[in-house]
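> Show me how the following folds:
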Amino acid sequence: MTFPRSRKLLAASTLAALAWLSRGLWGQGVVSTQRAPRPSPQAKTSLPLPKVHFVDVAAAAGLKFQHMAGDGRKRYILEAVGSGVAIFDYDNDGRPDIFLVNGSKFDFAPGEARPTGRLFRNLGRADPNDPSSLRFEDVTEKAGVGRSGWGFGACVGDYDNDGHEDLFVTYYGSNVLYHNNGDGTFRDATAEAGLPTSGNRWGTGCSFFDYDRDGRLDLAAANYVQFDRSRVPTPGENQFCVYKGLPVMCGPRGLPGGVNILYHNEGGGKFKDVSEKSGFNKPAGYYSFTVLTGDFDNDGWPDAYISTDSTPNILLHNNHDGTFTDIGVISGPAFNEDGQEQAGMGVSAADYNHDGWLDIVKTNFSDDTPSLYLNNKDSFFIDVTYRAGLGVNNRFLGWGVGFIDVDHDGWKDIFMVNGHVYPGIDKLQSGSPYRQQRNLYWNVHNGAFLDISSRAGPAMLEAHSSRGAAFGDLNNDGALEVVVNNIDESPSLLVNQGEKMNWLLVKARGTRSNRDGIGARVTVKAGELQMIDEIRSGGSFLSHNDMRLHYGLGNARQADWIRVRWPSGLEEVFPAAPANREALVEEGKGKPVAERPRPVAKSK
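A predicted model of the protein is given here:
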């Protein structure tokens with residue numbers, strides 16, 4: 001592991017660590033998550049602004065779903081977090097489908113129906129010439145994924161390499177692993193896989209990833225708060241249950257934090273808990289939300305960044321020997337630039353400035369701004385939120401987030417969904433209402449972003465209390481749609497009807513690596529741009545995106561070449577790919593470039 005070489009950067013990380021340590025333990029007092037006031041001018045650009053126009057077609061598309069999270073009063077924190085969404089092609093028909101996670105409530109009347117997560121099969125377009133005319137049918141019961149309970153997150157991965165995508169859903173209580181039978185149905189494989197089927201953990205984010213590069217997908221699961229309804233104080237009862245004088249639900253501060261889990265794929269459909277052995281469960285007692293995997297130091301091994309609420313974010317560096325070390329504090333993205341922990345929610349990663357290194361964006365609580373961490377290439381991240389123009393808004397409480405190229409110019413933009421956690425917040429007239437609009441920050445090609453939310457279509461300004469958001473090309477027209485799980489509401493399905501340039505979708509198929517190619521680094525060359533991305537499971541906020549990688553090509557009529565660094569270590573180049581189509585890259589069928597040493601198999 002390479003540590004910061006710059007004395008200035010090392011000093012900054014040391015000050016951040018000291019600032020955290022000086023506060024004492026997280027449960028001992030209220031710590032502000034607000035950033036110090038400072039000017040954050042809008043980014044300036046001479047480039048013509050894109051013509052983006054998002055509309056919500058969820059109702060017309062047949063997404064009939066009602067999210068439930070308590071009775072509306074939000075007396076307990078369990079009722080306020082909301083749920084995620086997964087986009088994946090469960091039936092291998094080439095059209096991505098949608099799974100919406102659902103919550104629950106504490107008290108049901110006798111005979112009252114209990115809500116469940118819902119799976120919607122993509123039927124394609126009603127009108128072949130209209131990309132907005134999407135149609136979906138509810139196949140939950142037929143597919144066998146209609147479990148009730150307090151559901152929160154979802155992620156997808158083919159854990160047995162049989163060519164069919166499996167689904168993992170996190171719950172308060174115990175999580176569920178659904179094995180895809182390949183015939184349009186799933187079975188609950190939790191017990192047979194060796195995963196817990198009972199308990200009182202509060203599962204949140206998850207990710208399938210091959211941390212030891214043995215060709216089998218392992219599974220990471222985050223946990224938020226140790227919640228016991230009988231022991232949680234009531235709204236207004238102590239200092240952790242008041243917000244700006246308003247009695248509110250208690251937590252997360254003042255409640256015990258969770259412990260994150262790593263399951264190693266043993267083969268044969270079995271997993272083994274290696275959380276302690278691997279160090280993935282350290283630090284413990286943090287309020288963890290979303291798991292984001294990626295090779296953040298370009299060493300060929302997947303790391304894991306975990307957003308946390310009111311505690312330092314976690315960056316688990318992969319030590320190449322089956323263990324991880326948290327370097328979040330020393331490397332920068334544990335805190336904001338003032339050395340403060342924040343109430344982090346959703347996360348996404350991309351190389352937004354084309355320097356070949358993955359950067360991180362994170363959503364936070366209201367009275368704060370989002371966070372943008374620039375990868376400084378020496379195992380250190382710099383908080384560039386203000387200089388990049390993302391400090392212009394502090395009234396939004398952000399959740400789902402994604403780097404997406406809305407106009408296909410080859411530069412990743414940032415899309416965020418928002419919503420407050422306290423229904424009574426509107427009484428304060430604080431400027432941060434319970435239901436909030438979405439945000440779109442356009443990349444102006446110089447390291448900065450311009451807020452174009454107000455000119456990006458009516459769906460951007462609609463007010464919801466949103467939570468999970470997933471991004472994917474649902475109609476296979478080359479533009480990414482956004483599926484949003486709104487707490488206590490019906491979902492949103494946002495389609496961009498604006499003007500777009502050329503594009504390329506890249507779908508990977510591993511042979512020596514895991515079949516999904518999760519963890520593969522894919523570089524696309526088009527004209528003067530070289531664009532990198534990685535295939536990952538999980539992200540945004542408790543959600544899972546379409547695993548086909550999307551590249552805007554601008555005016556280029558083709559990608560000059562596609563280079564893939566597979567998790568196995570094989571690196572190869574695939575020839576030019578025409579624009580405006582999906583390209584399949586299969587491990588072993590390109591021209592080899594170089595090969596990294598494969599991990600040594602250890603006896604079991």
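
> how deep is G254 tucked in, by neighbour count?
By other CB atoms under 10 Å, 19 other residues sit near G254. In short, each C-beta sits where N, CA and C put it, glycine included.

> cool, V85 as well?
The local packing count at V85 equals 30, with neighbours defined by other CB under 10 Å.

> Then P128?
Taking other CB under 10 Å as the criterion, the count of residues near P128 is 8.

> quick one: it from W503, how far?
Using CB to CB, to the nearest Å, P128 is found at 19 Å from W503.

> With S132 instead?
Where W503 is concerned, S132 sits at a distance of 17 Å (CB to CB).

> more neighbours, these two?
Using other CB under 10 Å, the more surrounded residue of S132 and W503 is W503, with 23 against 18.

> Give the pairing partners of the helix or strand containing the more buried one; include direction for each.
Using DSSP states H and E, the secondary-structure element containing W503 is strand 502-509. In its sheet, strand 502-509 lies beside strand 549-554 (antiparallel), strand 581-586 (parallel), with partners assigned from DSSP bridges.

> Same question for the first one: list its buried residues.
Judged by neighbour count (16 or more other CB atoms under 10 Å), strand 549-554 contains these buried residues: L549, H550, Y551, G552, L553, G554.

> With the last one instead?
When burial is assessed from 16+ other CB under 10 Å, strand 581-586 yields the following buried residues: A583, V585.

> Output the buried residues of strand 549-554 as JSON lines; include the columns distance to T511 and pLDDT.
Compiled in JSON lines, these are given as follows (distance: CB to CB, whole Å; pLDDT from 0 to 100):
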{"residue": "L549", "distance to T511": "18", "pLDDT": "98"}
{"residue": "H550", "distance to T511": "23", "pLDDT": "98"}
{"residue": "Y551", "distance to T511": "23", "pLDDT": "98"}
{"residue": "G552", "distance to T511": "29", "pLDDT": "98"}
{"residue": "L553", "distance to T511": "27", "pLDDT": "98"}
{"residue": "G554", "distance to T511": "32", "pLDDT": "98"}
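
> closest to E165 among these?
Distance to E165 across the buried residues of strand 549-554 (CB to CB) is lowest for L549, with 16.1 Å.

> Quickly list what that closest one is bridged to.
V506.

> what does L219 give?
Counting by DSSP bridges, L219 is bridged to F208, Y263.

> hang on, isn't it packed against N265?
Yes - counting by CB atoms under 8 Å, L219 does reach N265; the two are 7.2 Å apart.

> list residues touching both of those two?
With contacts taken as CB atoms under 8 Å, 6 or more residues apart in numbering, L219 and N265 have Y159, F271 as neighbours in common.

> Show me the shaky parts of the stretch 301-450 of the chain.
Flagging of the stretch 301-450 of the chain using pLDDT under 70 yields an empty set of residue ranges.

> right, I mislabeled it, should have said the chain
Counting by pLDDT under 70, the chain contains low-confidence residues at 1-41, 594-604.

> On the three-state scheme, K427 is what?
Classification of K427 by DSSP: H, G, I helix; E, B strand; the rest coil places it in helix.

> thought I562 was touching A583?
Yes - using CB under 8 Å, I562 is in contact with A583, at 6.5 Å.

> Identify the contacts common to the two.
Residues touching both I562 and A583 by CB under 8 Å, 6+ apart: V506, F574, A577.

> any chance of those in a markdown table, plus distance to H445?
Conversion of the shared contacts of I562 and A583 to a markdown table gives the following (distance: CB to CB, whole Å):
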| residue | distance to H445 |
| --- | --- |
| V506 | 22 |
| F574 | 27 |
| A577 | 24 |
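
> between those, which has the most around it?
Note: the member of the shared contacts of I562 and A583 with the most neighbours is V506, at 24 neighbours, neighbours being other CB under 10 Å.

> residues touching it, list them.
Taking CB under 8 Å, 6+ apart as the criterion, V506 is in contact with V522, V524, R548, L549, Y551, I562, E582, A583, V585.

> Name the residues linked to the last one by a beta bridge.
Legend: beta-bridge partners of V585 under DSSP bridges are A508.

> Could you pull up the residues touching it?
Counting by CB under 8 Å, 6+ apart, V585 touches V506, K507, A508, R509, G517, V522, I562, V564, F574.

> In space, what's closest to I98 - neighbours in sequence excluded?
Take I98 and drop its neighbours on the chain: the residue closest to it by CB to CB, 6 or more residues apart in numbering is F120, 4.5 Å away.

> residues contacting that neighbour?
Contacts for F120 (CB under 8 Å, 6+ apart) come out as G62, L63, F65, D97, I98, F99, L100, F136, E137, D138, V139.

> Report all helices and strands that the helix or strand hosting the fifth one contacts.
Okay, so that is I98. Using DSSP H and E, I98 falls within strand 97-100. Under the contact definition 3 or more CB pairs under 8 Å, 6 or more residues apart in numbering; DSSP states H and E, strand 97-100 sits against strand 85-88, strand 118-125, strand 481-486.

> Would you mind putting these into CSV with distance to S230 alongside?
Rendered in CSV, the data for the helices and strands packed on strand 97-100 read as follows (distance: least, CB to CB, whole Å):
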stretch, distance to S230
strand 85-88, 31
strand 118-125, 31
strand 481-486, 29
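
> C241 is nearest to which of these?
Of all the helices and strands packed on strand 97-100, the one in closest proximity to C241, counting by CB to CB, is strand 481-486 (25.4 Å).

> ok and that closest one relative to strand 118-125, angle-wise?
Per axes from the mean of the first three to the mean of the last three CA atoms, to 10 degrees, the angle that strand 481-486 makes with strand 118-125 is 150 degrees.

> could I get the contacts of V585 as TSV with distance to P110?
Putting the contacts of V585 into TSV (distance: CB to CB, whole Å) gives the following:
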residue	distance to P110
V506	52
K507	49
A508	50
R509	50
G517	49
V522	54
I562	59
V564	56
F574	60
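
> For the stretch 201-350 of the chain, which segments count as strands?
With DSSP state E, counting those that start in this stretch as the criterion, the stretch 201-350 of the chain has strands at 201-209, 218-223, 242-243, 246-247, 261-267, 270-273, 288-294, 303-308, 314-318, 324-326, 347-350.

> Note down every partner strand of the third one and its orientation.
For strand 242-243, sheet partners with direction are given as strand 246-247 (antiparallel), following DSSP bridges.

> which other residues reach the partner strand?
Residues lying outside strand 246-247 but in contact with it, judged by CB under 8 Å, 6+ apart, are P235, G236, C241, Y422, G424, I425, K427, L428.

> nearest to G245, of the contacts of V506?
Within those, proximity to G245 (CB to CB) peaks at L549, which comes in at 47.3 Å.

> so who does that closest one touch?
By CB under 8 Å, 6+ apart, the contact set of L549 is L505, V506, K507, A508, V522, D533, E534, I535.
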